[in-house]
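> Got a predicted model here, sequence first, then my questions.
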Amino acid sequence: MKYFVLLAVVASIAVAIPVEFSEDEQEFYLVPVEREKRQTKWDISDTGAKVGHSGTIFDNGNHGLDGSAYVAKNFGSHGLRPDQLGGRLDYAHRPSGSGAFISADNARGYGTDVNAGAQYNFVHRKDLDVGVVGQYGRHYGGPFGTSSSQRYVGLTATGRF
């Protein structure tokens, strides 16, 4: 284990240090490549296993798109099909503090939940945000069938002192 930690430290230092070399009178610089933030999580317990992945799909400073997905399997269920799976996309408009999301979650035998929402800030200052928010959700399938939709629209204000 000590050797693995030592190897990881040496490799991370070697990757982080820019290297300068010259070949045929031309200069090249090797620098680390910036990658979008991504994260994979594994969770194994005595009842089942879950794998989730999240990351930044797009980010240019003003607009951002993040996504996540997961799949879970209970050890007590039959077959290879996953018992639960889902995902979510989040959009952020950073200059206005506005954003939107859409998500879906499915549990085998119990149906699918679908949700979408958005917030638009028509006042966005250092100390104050005022906007309108809305959300829509609905459950499809399962033992009780498809439910009626749940939705709301509201006015929101946030002050920072």
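Cool, got the structure.
> Any idea which helix or strand in this protein has the lowest mean pLDDT?
One helix or strand of the chain scores below all others by mean pLDDT, DSSP states H and E: strand 19-23, with a mean of 52.
> how about the helices in this protein?
2-16 (DSSP state H).
> quick one: low-confidence ranges for it?
Within the chain, the segments meeting pLDDT under 70 span 1-37.
> let's see 80
Within the chain, the stretches with pLDDT under 80 are 1-38, 79-80.
> Which stretches in it count as strands?
19-23, 26-30, 38-44, 48-59, 63-74, 84-93, 98-107, 111-124, 128-140, 150-159 (DSSP state E).
> Can you convert these into TSV and add a column each for mean neighbour count?
The C-beta positions use only the backbone N, C-alpha and C, and glycine is treated the same way. As requested, these are arranged in TSV below (neighbours: other Cβ atoms under 10 Å):
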stretch	mean neighbour count
strand 19-23	8
strand 26-30	9
strand 38-44	10
strand 48-59	15
strand 63-74	16
strand 84-93	17
strand 98-107	17
strand 111-124	16
strand 128-140	15
strand 150-159	10
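> Would you check that R38 makes contact with T56?
Yes: counting by Cβ atoms under 8 Å, T56 is a contact partner of R38 at 7.3 Å.
> Overlap of the contact sets of those two?
Here R38 and T56 share no contacting residue, scored by Cβ atoms under 8 Å, 6 or more residues apart in numbering.
> pretty sure A49 contacts A72?
Yes: when contacts are counted by Cβ under 8 Å, A49 is listed as touching A72 (7.0 Å).
> Pull up the gap between the nearest residue to S54 once chain neighbours are set aside and V114, please.
By the measure of Cβ to Cβ, 6 or more residues apart in numbering, the closest residue to S54 outside its immediate chain neighbours is S68, 3.7 Å from it. Applying Cβ to Cβ, to the nearest Å, the value for S68 to V114 is 16 Å.
> Repeat that for K50.
21 Å.
> I'd like to know how far T112 sits from N74.
18 Å.
> Check G67 too.
Distance from G67 to N74, by Cβ to Cβ: 25 Å.
> got it, and V132?
Taking Cβ to Cβ as the measure, V132 and N74 are separated by 41 Å.
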